[in-house]
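>>> just need the structure, nothing else, for what follows:
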Amino acid sequence: MNKLGRLTMVAAIAAGSLAMPAVSQAQVAFSINVGPPPPRYEVVPTPRAGYVWAPGYWNWNGHQHVWHNGYWQHERHGYRWAPTQWERHGNNWRMNNGHWVRAS
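The predicted model follows:
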């Protein structure tokens, strides 16, 4: 093949690639924000001296909400227990873990 033939072939390939429709790359992203299910009804056992009841709550394990039953924990004098709760922040949900709060 002579030089002119090669040049013609390269030009034809280049022209063909320009004539082909461009391949577009599209991305579709979506997210679903699901708040926790309603709390379960728990029968709180009879109070125990020196203990505080921490109510059950829904926890997110990365795939689904999982219920954690309530439990007794040692009382801390001068503090009260703030239970775990879910709060809405815009379109998202945030879980605030239960914690001790200094009593006022």
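>>> quick one: contacts for the residue nearest to the spatial centre of the chain?
The C-alpha lying nearest the average C-alpha coordinate of the chain belongs to residue 62 (CA atoms, centre = their mean; 6.5 Å). Taking CB atoms under 8 Å, 6 or more residues apart in numbering, we find residue 62 in contact with no residue. Placement of C-beta: from N, CA and C, glycine included.
>>> from residue 28, how far off is residue 92?
20 Å (CB to CB, to the nearest Å).
>>> then residue 75?
52 Å.
>>> quick one on the thing from earlier: the more surrounded of residue 92 and residue 28?
Legend: neighbour count by other CB atoms under 10 Å for residue 92 and residue 28, higher for residue 92 (10 against 4).
>>> now do the phi/psi pair for that one.
Note on residue 92: its backbone torsions stand at phi -110, psi 160 [degrees, to the nearest 10].
>>> what's opposite it in the beta bridge?
Taking DSSP bridges, one obtains residue 89 as the residues bridged to residue 92.
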